[in-house]
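**Student:** what's the 3D shape of this:
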Amino acid sequence: MDILGIVGSIFGVGVVAGAVLTALGARVVAQYERGVVFRLGKVAGVREPGLRLLIPFVDKMRKVSTQIVTLPVPAQDGITRDNVTVRVDAVVYFRVVDPQCAVVEVQNYLFAVGQVAQTSLRSIIGKSELDDLLSNRAELNKGLEILIDSPALGWGVHIDRVEIKDVALPESLKRSMSRQAEAERERRARVISAEGELQASQMLAEAGARMAESPASLQLRLLETVVQVAAEKNSTLVLPFPVELLRFLERSTPEVKGAEPKDPD
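**Tutor:** All right, here's what the predicted structure looks like:
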């Protein structure tokens, strides 16, 4: 009985010890994570999501997120190729594609990507002109993405996209651009007004030529103008009556027998 009790006690202690060791070595890896296992300082593999068992006091796991990381790039001061001082900030979207490289090859991949993004942004500013920064951002975003992605691939990081957020200009340059825009709008307004005057003069010339062929149409036009002016209640109209119209009416009116002709003058 004593032997059986001792064996049972040893078995019970072993079960408890095994349970404790299992609990110490159990790790849960989330769906969006990967676990890099180090066994006595050496990489022993990458664990997929789920419940994973490690050797207690021998294995160590470092979890790496594979989600897309949004990293804002602080505003960088620079001088463009056409000698304009600007301040540009951006945002970088990236994710870890090789957890082992992200842990082993670089000390802190977040900090490393941030520093590369800042230096690449300064380089893009120096190679670009102001008009490109303001209107051609798509091409600049692609070039900035290539500059950041080249060293990041060796760290197990893939750059999804890079976007330039804002371009801050000096106040003096803003005022100059505003005056330029106003001058351009004024120039367009004058050109449109001149084109309208030209078209109007051409049509008036054509109308005058047609009226010259028929003097009666000129008189009718005069009467129509008088009617339009007379429609205003608050205006006084002084109408000179042309002698030519009297002569026209005299010729158009049939002569009354026995009446003496009157001199219109």
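
**Student:** How is residue 55 assigned, secondary-structure-wise?
**Tutor:** coil (DSSP: H, G, I helix; E, B strand; the rest coil).

**Student:** What's the local residue count around it?
**Tutor:** By the measure other Cβ atoms under 10 Å, the count of residues near residue 55 is 14. (C-beta placed from N, C-alpha, C; glycine too.)

**Student:** Ok, residue 104 next?
**Tutor:** 15.

**Student:** Which residue is the nearest non-sequential neighbour of it?
**Tutor:** residue 43 (6.5 Å; Cβ to Cβ, 6 or more residues apart in numbering).

**Student:** what pairs with the one you found across the strands?
**Tutor:** For residue 43, the residues forming beta bridges with it (DSSP bridges) are residue 38.

**Student:** From what I see, it and residue 37 are in contact.
**Tutor:** Yes: between residue 43 and residue 37 there is a contact under Cβ atoms under 8 Å: 7.2 Å.

**Student:** how much space is there between the residue nearest to residue 104 and residue 27?
**Tutor:** 16 Å (Cβ to Cβ, to the nearest Å).

**Student:** Compare neighbour counts for those two and give me the winner.
**Tutor:** Between residue 43 and residue 27, residue 27 has the larger neighbour count (other Cβ under 10 Å), namely 16 against 12.

**Student:** residues in contact with the more buried one?
**Tutor:** 35, 47, 51-54, 61 (Cβ atoms under 8 Å, 6 or more residues apart in numbering).

**Student:** Mind checking the pLDDT average for stretch 29-46?
**Tutor:** For stretch 29-46, mean pLDDT rounds to 89.

**Student:** cool, stretch 72-81 as well?
**Tutor:** Here the average pLDDT along stretch 72-81 is 89.

**Student:** what's the closest non-adjacent residue to residue 173?
**Tutor:** Residue 173's closest residue in space is residue 84 (Cβ to Cβ, 6+ apart), at 6.6 Å.

**Student:** was I right about the one you found contacting residue 130?
**Tutor:** Yes: under the criterion of Cβ under 8 Å, residue 84 makes contact with residue 130 at 4.7 Å.

**Student:** got any residues that touch both of the two?
**Tutor:** With Cβ under 8 Å, 6+ apart, residue 84 and residue 130 have common neighbours residue 169.

**Student:** out of the two, which sits in the more crowded spot?
**Tutor:** residue 130 (19 against 16).

**Student:** Who are the contact partners of the more buried one?
**Tutor:** Contacts of residue 130 by Cβ under 8 Å, 6+ apart are 80, 82, 84, 86, 169.

**Student:** Quick check on these: which are buried?
**Tutor:** 80, 84, 86, 169 (16 or more other Cβ atoms under 10 Å).

**Student:** can you tell me which of those are in strands?
**Tutor:** Of those, the ones assigned to strands by DSSP state E are residue 86.

**Student:** As JSON lines, the buried ones among the contacts of residue 130 with distance to residue 123 would be great.
**Tutor:** Listed next are the buried ones among the contacts of residue 130 as JSON lines, based on distance: Cβ to Cβ, whole Å:
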{"residue": "80", "distance to residue 123": "12"}
{"residue": "84", "distance to residue 123": "16"}
{"residue": "86", "distance to residue 123": "14"}
{"residue": "169", "distance to residue 123": "20"}
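
**Student:** Please identify which two of the buried ones among the contacts of residue 130 are farthest apart in space.
**Tutor:** Within the buried ones among the contacts of residue 130, 80 and 169 form the most distant pair, 10.4 Å apart (Cβ to Cβ).

**Student:** what touches both of these two?
**Tutor:** By Cβ under 8 Å, 6+ apart, the residues touching both residue 80 and residue 169 are 86, 130.

**Student:** so residue 170 touches residue 79, yeah?
**Tutor:** No: using Cβ under 8 Å, residue 170 is not in contact with residue 79, being 11.5 Å away.

**Student:** Quick check: neighbours shared by the two?
**Tutor:** Shared contacts of residue 170 and residue 79, counting by Cβ under 8 Å, 6+ apart, come down to residue 85.

**Student:** could you list every residue that touches the nearest residue to residue 87 once chain neighbours are set aside?
**Tutor:** Once flanking residues are discounted, residue 87 sits nearest to residue 168: 4.0 Å by Cβ to Cβ, 6+ apart. Listed by Cβ under 8 Å, 6+ apart, the contact set of residue 168 reads 75, 86-88.

**Student:** Cool, thanks, talk later.
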